[in-house]
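Participant: I would like to see how this sequence folds:
(chains A, B, C and D)
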4 protein chains.
Amino acid sequence: MTEQLRAAVIGAGYWGPNLARNFRGSPDWDLVAVCDLDEARARKVVGPRSTVEVMTSVDELLARDDVDAVAIATPARTHAALATAALRAGKHVVVEKPIADGGAAARRMVSLAAEVDRVLMVDHTFCYTAPVMKIRELVASGDLGEVLFVDSVRINLGLVQPDVDVFWDLAPHDLSILDFILPGGLVPTAVAAQGADPLGVGQSCVGYLTLPLPGGAIAHVHVNWLSPTKIRQVVVGGTKRTLVWDDLQPQQRLTVYDRGVDLGRPDADKARVNVSYRLGDAWAPALPEREALGVMVGELAAAIREHRPARTDGHAGLRVLDVLEATSLSLADGGRLTPVSTGAPTTTLEPVA
Amino acid sequence: MTEQLRAAVIGAGYWGPNLARNFRGSPDWDLVAVCDLDEARARKVVGPRSTVEVMTSVDELLARDDVDAVAIATPARTHAALATAALRAGKHVVVEKPIADGGAAARRMVSLAAEVDRVLMVDHTFCYTAPVMKIRELVASGDLGEVLFVDSVRINLGLVQPDVDVFWDLAPHDLSILDFILPGGLVPTAVAAQGADPLGVGQSCVGYLTLPLPGGAIAHVHVNWLSPTKIRQVVVGGTKRTLVWDDLQPQQRLTVYDRGVDLGRPDADKARVNVSYRLGDAWAPALPEREALGVMVGELAAAIREHRPARTDGHAGLRVLDVLEATSLSLADGGRLTPVSTGAPTTTLEPVA
Amino acid sequence: MTEQLRAAVIGAGYWGPNLARNFRGSPDWDLVAVCDLDEARARKVVGPRSTVEVMTSVDELLARDDVDAVAIATPARTHAALATAALRAGKHVVVEKPIADGGAAARRMVSLAAEVDRVLMVDHTFCYTAPVMKIRELVASGDLGEVLFVDSVRINLGLVQPDVDVFWDLAPHDLSILDFILPGGLVPTAVAAQGADPLGVGQSCVGYLTLPLPGGAIAHVHVNWLSPTKIRQVVVGGTKRTLVWDDLQPQQRLTVYDRGVDLGRPDADKARVNVSYRLGDAWAPALPEREALGVMVGELAAAIREHRPARTDGHAGLRVLDVLEATSLSLADGGRLTPVSTGAPTTTLEPVA
Amino acid sequence: MTEQLRAAVIGAGYWGPNLARNFRGSPDWDLVAVCDLDEARARKVVGPRSTVEVMTSVDELLARDDVDAVAIATPARTHAALATAALRAGKHVVVEKPIADGGAAARRMVSLAAEVDRVLMVDHTFCYTAPVMKIRELVASGDLGEVLFVDSVRINLGLVQPDVDVFWDLAPHDLSILDFILPGGLVPTAVAAQGADPLGVGQSCVGYLTLPLPGGAIAHVHVNWLSPTKIRQVVVGGTKRTLVWDDLQPQQRLTVYDRGVDLGRPDADKARVNVSYRLGDAWAPALPEREALGVMVGELAAAIREHRPARTDGHAGLRVLDVLEATSLSLADGGRLTPVSTGAPTTTLEPVA
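Facilitator: Numbers count the residues shown, from 1 in each chain, chains lettered A, B, ... in the order given. Below is the predicted model of the structure:
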């Protein structure tokens, strides 16, 4: 058996415990330490009768020789500094979404990872769920035909946060899914966003995001903090088939309708296009029941061992971030279609130690 | 028992047969005639062993003394002319949605109906369904609290039509529902619309409509022709409760979640608003199973007898039409927020015969 | 076009109006008359502006020359007398379920129909629904493999009736479905029944029926009057696939799970059978939306024209009745397995007029 | 904070790992050791970087002073011997269902626990799920009225086992739930069972169990190994309301229908009972999301600390076992109603060491 890689988790808040549990349960990984400024919180993640170490200093953690990779589960505004330090210390890095709180910082992270030849992965967890992996497969294989539209709804219990609106909090999930399933990744030319803050909390709590896609297709995201009633639904309409992913139906999360829209020849006289519908059966692929984070930590190990980018690498994180930044601009501009910057990762200016 | 009123249906195409069936089944009405240029089509609606008359001339129909009201189920571009003629002939009128194909014509219809003192009703069928009537009641009673957002999805088998886009075809349903359930009716100040035509048929087949509402609330409509997979879902989020209407779950169309968002006092130090969630039970009101069109023809009879406007009268039709016209303008302007004109009905210039 | 056949409906109570509506809507039929002792009730079925005749005398109805077939929708205890009179008058007959209130009478009806060479059909409506027709097809084609078990649940709003228990009221539906879908029809050797009357109304309101089937398979029926909450679910387990019919999910009534039980070779040492499971995709066949009664009246017309037995003929009615009679015997005997009599139809002793 | 109790798990097969995980995660417990004849299997349960001990000798485990309670997750035929040894060693015991493989042995276990004054609990896990606890509450409070029927369906992936039929494998779940929710516990006078073995594996793979309850009510259980398609549904019909528990609908596991059956006065003339239905709203109580096993280990700790019987104590295990034994007798006797023995726990004959 391959020797295990050694991991540490930085941040013992909301998501850190899930990362720790999955590193511990993975045959690929040995969880060495959990690090948090709040020692008691870190100790609670480690649990009783355990020899996993509890640390409170990131510097000490990064100085250790027996840690191959760190998982960063801290607030977004700290991602860039922590990831940069970890990469410079020679660690592979997986960072929570969004990759950073600004495109410039994110570009430097991506460049640095390339320079130091370390894996930089973003924990786009949904891309490791069985439904999303199956959707990607169905799109790639052409089973759905050309993608005509993607509609994603995420109505969710969300804590209203002081410095993050609903777009920055929830839309990274939808955008990372789009990035993962669309044939060319998430490369919209522009974004239009509309938001609402009906409670007067100071930022958008309901948000709508429209992304024109190449070839006339369209993607749309509805994110919503104001309803404790969960809805998580994605519809992918293709020329051949239509797919519905309802994540709250565990017995049948994914349904593929063998129904589509057929485009006939334009009718010469009436200058109209003949469109007809095919009505066929529905099909619900069997999906394995695996915890997505378990698959994610497996992918991190594989990327390190095979010396290749992870499936949701820094560039993926960057594409998602670019859309988020354009979203904020569109929102400030009355919802106007706003171009998405797609610059290459910036070369790091600062010399790497 | 009250004497029956006498109705005739004009137009024996897609919707006319439904109107005819409901007039026939109603204790309030006697269906006298069905009128269509295509006599065989009208005869098919009337059916065998029936003494309901088949007519091919609207003029002859409107000249009859034994007809109190006509239902107009013809293409939208013919509504204004037919309704005008009928009103001038002293008939009460119910017209299919949208009320007309332009706001000016619709304003003249509304004015004319007032002048000749006849009922002018728009067949906003969904407003007569049990779920929508219950939603209106729950909003009006304050059970949901203040409305924070309304999200309406209508993914539907839709025939791509030569002269109508998906907004004009499907959104009248959603807009008429909004007009019916919102406390002050549908009076958005502006509209932003995004559409897509990924098949290149010449008009939007997927459409998204955002309507900022008074007080910071927001309404959003997603209409979509490109998926034969039906989704019909409306979420109404209130400060006290959240309501989900899933019209494809006949056992439980309406669910009211006793969950909401509580706004605490702003935290002085951190300059943030405390928002907390209440998680409570869900409640599914029992709904009567009645055909909406049957309720609609009953309302038409009641409005005529009680000499009052029908619940979905010409003004309601006008409010819907105004939003549709602003939608087209926004669409042509890259999705920019576009004001909704809300002028009063124009006085008819032409003398009434 | 073929000339229409002429029908009359006897009985204007609960089911008669549905039959009348379907005869009127069918291209195969001309509904000539509706007959009921209560003239007003019959007139209400016929409706306004109609030339369909209203009659109150069965004798006069049967004496008419312009009636080819009668549909009998009266209480079960009157079926035998009415059907006998109609057959003797040369009419084809479709009778509501159960075919009669006793096996002897039913056998005479079947024999008489053969003698007078007229179609005798039982309105096993469910056998004309799209799901049941598809299930029959899937069983017959071998797609499910050998049938291992059938489990049918019918929890329903049921009026507690003075002279009929829940088995006689509801189980005919389930038994007629079993008769229709099982390869050899409904031919159990025995029946075991358990019932309960927790409200003390004098007869079983909750009933369970077990039917051992040839080859070790088993069918089970749960009928229940005491819950206004509807459940209508049938599971058919086969060696290859398992099918679930949930009639309250109109979007997906039928789901076929490509999952089954594989039987390995017996393990010599441990004297046990190796059984393994295959987990595969699910498949929901598209089903046409047609009213079952419309299909039923079409089958009646086809049987008459093609001079062949109807799909749910008198023998099918007899097989269902035989099980019902054995059910009553088992119930009276503490639930013991009770043989089902399967005698041939009795030759009618009385001379046919 | 109260000092933690110390637990050990015996058996590292299918269920043992779940017990171990929950003891580890509980603030009430310190998991000291996991014991299995197969050391590697036990070690896998303990996992890496842990100081929980791995043992292979039950005797050594029971001889330890630092273990307060043991959880026995071994095959049913070993329960009696292991539990007896543990109780004699002064340990509290929780044992998997069924409590033992025979009533005599189980009675001795219950008596012994009383003699040595130790808690003997049966892991009727479902009784610690949120839906079952809520159902018990609704029955006890009278919200459902008098219970008229309980119908439980458990169609499940089940491994066909050499020495256990589907009744002994799955029905303990349903019977323990009945025992928990019925006001007087599970005390049927008799049981009727029907089974089928259509694959010829040597024992029933499909089973139906009918239990007449006091007052004319009835309970029914359907257990089924032959379908990998899961169905887990319980209906509780009461005089006031009807409750449906669908465990595969995580968004709404429990629905209470405010509908019932009203019994009017007997109609003097027609000698029939008037029964009418009330149709009201449905209500879905919010249920906490907790792992049932976590609640179970908490109850074990509370019972020990408060020196009281656990909620699902040995007597509950005994009542379930008595029904299982009568089930086997009924099955062997063609499904005849068979009395359930309800003898008191036998005094242990063997002297306690």
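Participant: Let me see the ranges of the helices in the stretch 151-300 of chain A.
Facilitator: A:166-181, A:292-305 (DSSP state H, counting those that start in this stretch).
Participant: So which of these is nearest chain D?
Facilitator: With Cβ to the nearest Cβ as the criterion, chain D lies closest to helix A:292-305 of the helices of the stretch 151-300 of chain A, at 14.2 Å. Backbone N, C-alpha and C define where each C-beta goes, glycine included.
Participant: and the closest one, is it in reach of chain D?
Facilitator: No - if you take Cβ under 8 Å from any Cβ of the partner chain as the test, helix A:292-305 misses chain D, and the best it gets is 14.2 Å.
Participant: and whichever helix or strand comes after that helix, which residues are buried?
Facilitator: Using DSSP states H and E, the helix or strand that follows helix A:292-305 in sequence is helix A:314-332. Under the neighbour-count criterion of 16 or more other Cβ atoms under 10 Å in any protein chain shown, helix A:314-332 has A:314-328, A:330-331 buried.
Participant: mind listing what residue A:226 touches?
Facilitator: Applying Cβ atoms under 8 Å, 6 or more residues apart in numbering or on different chains, we find residue A:226 in contact with A:198-199, A:205-206, B:148-149, B:237, B:261.
Participant: Return the distance of it relative to residue B:190.
Facilitator: 21 Å (Cβ to Cβ, to the nearest Å).
Participant: that older thread, now tabulate the contacts of residue A:226 in a markdown table and tack on distance to chain C and neighbour count.
Facilitator: Shown next, in a markdown table, are these (distance: Cβ to the nearest Cβ, whole Å; neighbours: other Cβ atoms under 10 Å in any protein chain shown):
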| residue | distance to chain C | neighbour count |
| --- | --- | --- |
| A:198 | 33 | 23 |
| A:199 | 35 | 21 |
| A:205 | 32 | 29 |
| A:206 | 28 | 26 |
| B:148 | 29 | 27 |
| B:149 | 26 | 24 |
| B:237 | 25 | 32 |
| B:261 | 31 | 25 |
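Participant: Just the ones of those residues in strands?
Facilitator: Counting by DSSP state E, the members of the contacts of residue A:226 that fall within strands are A:206, B:148-149, B:237, B:261.
Participant: and the least confident of those residues?
Facilitator: The weakest per-residue confidence within the ones in strands among the contacts of residue A:226 falls on residue B:261 (71).
Participant: is that one in a bridge, and if so with what?
Facilitator: Beta-bridge partners recorded for residue B:261 (DSSP bridges): residue B:277.
Participant: and the spatially most central residue of chain A, what does it touch?
Facilitator: In chain A, the residue lying closest to the centroid (Cα atoms, centre = their mean) is residue A:124, at 3.0 Å. Residues near residue A:124 by Cβ under 8 Å, 6+ apart: A:97, A:172-173, A:176-177, A:179-180, A:312, A:316-317, A:320.
Participant: Could you do residue A:19 as well?
Facilitator: A:9, A:71, A:73, A:123, A:293, A:297.
Participant: try 10 Å
Facilitator: Contacts for residue A:19 (Cβ atoms under 10 Å, 6 or more residues apart in numbering or on different chains) come out as A:7, A:9-12, A:31, A:34, A:45, A:71-73, A:94, A:96, A:123, A:125, A:293, A:296-297.
Participant: Check residue A:186 too.
Facilitator: A:174-180, A:211, A:213, A:219, A:316, A:319-320, A:322-323, A:340.
Participant: any idea how far chain B is from the residue lying closest to it once chain neighbours are set aside?
Facilitator: In this structure, residue A:186 finds its nearest non-sequential neighbour in residue A:179, 3.7 Å apart by Cβ to Cβ, 6 or more residues apart in numbering or on different chains. Distance of residue A:179 to chain B, computed by Cβ to the nearest Cβ, to the nearest Å: 19 Å.
Participant: same deal with residue A:336?
Facilitator: Noted for residue A:336: a distance of 6 Å to chain B, by Cβ to the nearest Cβ.
Participant: And residue A:125, by the same measure?
Facilitator: 23 Å.
Participant: check contacts around that residue.
Facilitator: Residue A:125 touches A:15, A:18-19, A:96-97, A:132, A:173, A:176, A:291-293, A:295-296, A:312, counting by Cβ under 10 Å, 6+ apart.
Participant: at 8 Å instead, please
Facilitator: A:97, A:173, A:292-293, A:296 are the contacts of residue A:125 under Cβ under 8 Å, 6+ apart.
Participant: From chain D, how far off is residue A:53?
Facilitator: For residue A:53 relative to chain D (Cβ to the nearest Cβ), the value is 9 Å.
Participant: Could you pull up the contacting residues of the closest residue to that residue other than its chain neighbours?
Facilitator: In this structure, residue A:53 finds its nearest non-sequential neighbour in residue A:33, 4.1 Å apart by Cβ to Cβ, 6+ apart. Counting by Cβ under 8 Å, 6+ apart, residue A:33 touches A:8-9, A:52-55, A:61, A:64, A:67.
Participant: Check residue A:301 too.
Facilitator: Contacts of residue A:301 by Cβ under 8 Å, 6+ apart are A:5, A:26, A:28-29.
Participant: Quick one, grab the pLDDT at residue A:215.
Facilitator: For residue A:215, pLDDT reads 89.
Participant: Could you check how many residues crowd around it?
Facilitator: 10 (other Cβ atoms under 10 Å in any protein chain shown).
Participant: same deal with residue A:230?
Facilitator: Neighbours around residue A:230, by other Cβ under 10 Å: 13.
Participant: Isn't it up against residue A:248?
Facilitator: Yes - counting by Cβ atoms under 8 Å, residue A:248 is a contact partner of residue A:230 at 6.2 Å.
Participant: quick one on the thing from earlier: so, if you compare the ones in strands among the contacts of residue A:226, which one comes nearest to chain D?
Facilitator: Of the ones in strands among the contacts of residue A:226, the one sitting nearest to chain D (Cβ to the nearest Cβ) turns out to be residue B:261, at 16.0 Å.
Participant: need the residues of the stretch 1-150 of chain A near chain D, please.
Facilitator: A:24-25, A:30-31, A:47-52.
Participant: any idea which of these is closest to residue B:161?
Facilitator: Set against residue B:161, the nearest of the residues of the stretch 1-150 of chain A next to chain D by Cβ to Cβ is residue A:25 (55.4 Å).
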